[in-house]
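Colleague: Prediction below, plus the sequence it came from.
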Amino acid sequence: MEVHSGIEPMIHLTLFLLFGGICVAGAVNLLAQRHPINSALSLVVVMGSLAGEYLLLGAEFVAAIQVIIYAGAIMVLFVFVIMLLNAGEEERTGGSRVALLFGVPGMLIGTVLMAWVLLERSGTQAVSMGALPGPPKTIGWLLFHDFLLPFEVTSVLVLIAIMGAVVLASHPESVQQRNKER
Amino acid sequence: MLSIETFVIVSVIKIVIALFVLLTAVAYTVWLERKVVGHIQNRWGPTRVGPFGLLQPLADGIKFLFKEDLTPPHVYKPLYIAAPMIALVCALTSISVIPVGNWVTVAGVHTPLQITDLNIGLLLILGITSMGVYGVALAGWSSNNKYSLLGGLRASAQMVSYEVSLGLSLVGVLILAGSFSLRDIVEAQGGHFWGFIPKWNIFYGGQIIAFFIYLISAYAETNRVPFDLPEAESELVAGYHTEYSAMKFAMFFMAEYANMITVACVASLLFLGGWHGPVFGPPILQAILPIFWFVLRVFGFLFVYIWVRGTLPRFRYDQLMAFGWKFLLPLAIANLVITALVVTLRS
């Protein structure tokens, strides 16, 4: 169903601000919460609102993948581990004065500098609707044609990381025990 | 072209109808299950409330509404209350992209028989399903009860594991149709080959293995027998919803059955040709028949669901994990590779 009216840009702007606001609020809540499970759920909210922003840019496929992979699969594993370890509330330290004195102004200056460089110096412009490579066909072509080698090398890298995690997680004694039993 | 006012009105009407039909279907799937399992076990099932016990779902609903809503004192309240809502909202939302028939023109408005036709329709369903895991996992954790926690852990591990083979079994169909839109996928299955066999993906696309992978993974995704380990009553009391009562329990219950119906709809659309079937007669019959064929497929799928429940015993947990990762996943990948190869060679 095609719908046409003059208020589309306004709806876009409203939704952009809405998702952006939820995203920032979720990120702040992630830091402010004391219980790990609440922090993990805030991260889910951040991921979900980022998917909303992708949707507004016309990259539906990326948005869907963002929800399925990040919000759906990876964060479920985070929550799973927190549940499994039954992690309690974290302790609060008083906070450091040095961080307050230098960290906050430093962050503000960094943000302003980055915004200035991006907007004024790099020649980039505000992204409009549909400017990103949205359709799955384009993304598939990029992954399996233009960037085939980096893509495959990354998968080997991930495999090595998984094997490393398995080796680190296994107890050497139990492996020896098992070998003896054989 | 529609004006924005008409669009909003039409959408609201469609949402109300879809939700009403879905919730009624949920209630009567419960009735159907009790009846069919009853007859499988040589019992009658519900008979007292209404003819054939047909008003039983209504009586159950009233009972759930008026029961005392107990909140145990040791639960983590915000998540304890949010968990059933997450489960139910995720279960009901996925109906929004499911088409039930062709386009119709009612009162001058030409509209498809679905709430909205997205070009990422199938991915949306997968995304919402993957968010539904949180309802179960958080219910188990926030109840602060060891049975609930074990049930929640089992459920989340099981759902994450089987989601992989479920997703991969669908990719073959996506390759054949070349689209994520459920309407496009169904329309690609129209017509016949060799004169009489319908061009459904299960026959024409050779996706019969994918169909069975989907069937098995879907049973595990919806926590149904033989994969109902998250609520295995002989070991975990009632699993993740042990501490829930009244309407909060009913929300989990409704979510489970709504998920079953969504799974049945997706199976009918992707593998069994959606609403395609013989269409004849006057215009009003031509509009209704596709919906009838679609509902018939969904009903058949739900019946098999219940049949399996009445037939198979429960898996052991290590068997469940080994089966998912060591058998279903390699099979799904092999099916995907072969389908991709055939499609490439054919074009």
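Modeller: That came in fine, so what should we check first?
Colleague: How much space separates the closest residue to B:A155 other than its chain neighbours from chain A?
Modeller: Nearest residue to B:A155, sequence neighbours excluded (CB to CB, 6 or more residues apart in numbering or on different chains): B:P230, at 3.5 Å. Every C-beta, even on glycine, is put in place using the N, C-alpha and C of the backbone. Applying CB to the nearest CB, to the nearest Å, the value for B:P230 to chain A is 13 Å.
Colleague: which ones are touching B:P230?
Modeller: By CB atoms under 8 Å, 6 or more residues apart in numbering or on different chains, B:P230 lies in contact with B:V136, B:G151, B:G152, B:R154, B:A155, B:Q158, B:N223, B:L236, B:G239, B:Y240.
Colleague: OK, contacts around the residue nearest in space to the middle of chain A?
Modeller: Per CA atoms, centre = their mean, the C-alpha nearest to the average position across chain A is that of A:M47, at 5.7 Å. By CB under 8 Å, 6+ apart, the contact list for A:M47 reads A:Q66, A:V67, A:Y70, A:A71, A:M75.
Colleague: about what we covered before: where does the residue nearest to B:A155 fall, helix, sheet strand or coil?
Modeller: helix (DSSP: H, G, I helix; E, B strand; the rest coil).
Colleague: any idea how far B:S156 is from it?
Modeller: For B:P230, the distance to B:S156 equals 9 Å [CB to CB, to the nearest Å].
Colleague: Common neighbours of the two, please.
Modeller: B:V136.
Colleague: okay, now the residue of chain B found nearest chain A: neighbour count?
Modeller: Nearest to chain A, among the residues of chain B, is B:S130, at 2.7 Å (CB to the nearest CB). Look at B:S130: counted by other CB atoms under 10 Å in any protein chain shown, it has 23 neighbours.
Colleague: same deal with B:T311?
Modeller: Taking other CB under 10 Å as the criterion, the count of residues near B:T311 is 11.
Colleague: ok, and the closest non-adjacent residue to it?
Modeller: Nearest non-adjacent residue to B:T311 (CB to CB, 6+ apart): B:I40, at 7.4 Å.
Colleague: Ends of stretch B:54-72, what's the gap?
Modeller: For stretch B:54-72, the first-to-last residue distance is 34 Å (CA to CA, to the nearest Å).
Colleague: what residues does that stretch touch?
Modeller: Contact with stretch B:54-72 is made by B:27-28, B:30-31, B:34, B:46, B:48-50, B:77, B:80, B:143-145, B:243, B:245-250, as judged by CB under 8 Å, 6+ apart.
Colleague: So for it, what gets flagged as buried?
Modeller: Within stretch B:54-72, the residues that qualify as buried are B:Q56, B:P57, B:D60, B:G61, B:F64, counting by 16 or more other CB atoms under 10 Å in any protein chain shown.
Colleague: where does the fourth one fall, helix, sheet strand or coil?
Modeller: If I follow you right, that is B:G61. With three-state DSSP as the basis, the three-state label of B:G61 is helix.
Colleague: residue boundaries of the strands in chain B?
Modeller: Along chain B, the stretches classed as strands by DSSP state E are B:103-106, B:109-112, B:192-193, B:197-198.
Colleague: who's in contact with B:H39?
Modeller: Counting by CB under 8 Å, 6+ apart, B:H39 touches B:G45.
Colleague: Ok, the one 10 residues further on next?
Modeller: With contacts defined as CB under 8 Å, 6+ apart, B:V49 is in contact with B:L55, B:Q56, B:L58, B:A59.
Colleague: next one: the longest helix seen in chain B to chain centre, how far?
Modeller: Looking across chain B with DSSP state H, the single longest helix is helix B:4-40. Relative to the centre of its chain, helix B:4-40 is centred 12 Å away, using CA atoms, centre = their mean, to the nearest Å.
Colleague: buried stuff in that helix?
Modeller: In helix B:4-40, counting by 16+ other CB under 10 Å, buried: B:7, B:10-11, B:14, B:18, B:22-23, B:25-38.
Colleague: What parts of chain B come near chain A?
Modeller: With the criterion set to CB under 8 Å from any CB of the partner chain, chain B comes near chain A through B:1-4, B:7, B:10, B:79, B:111-112, B:116-120, B:123-124, B:126-127, B:129-131, B:133-134, B:137-138, B:140-141, B:149, B:152-153, B:156-157, B:159-160, B:163, B:167, B:180.
Colleague: Could you pick out the buried ones from the residues you listed?
Modeller: The neighbour count (16+ other CB under 10 Å) marks B:2, B:7, B:10, B:79, B:111-112, B:117-120, B:123-124, B:126-127, B:129-131, B:133-134, B:137-138, B:140-141, B:149, B:152-153, B:156-157, B:159-160, B:163, B:167, B:180 as buried among the residues of chain B next to chain A.
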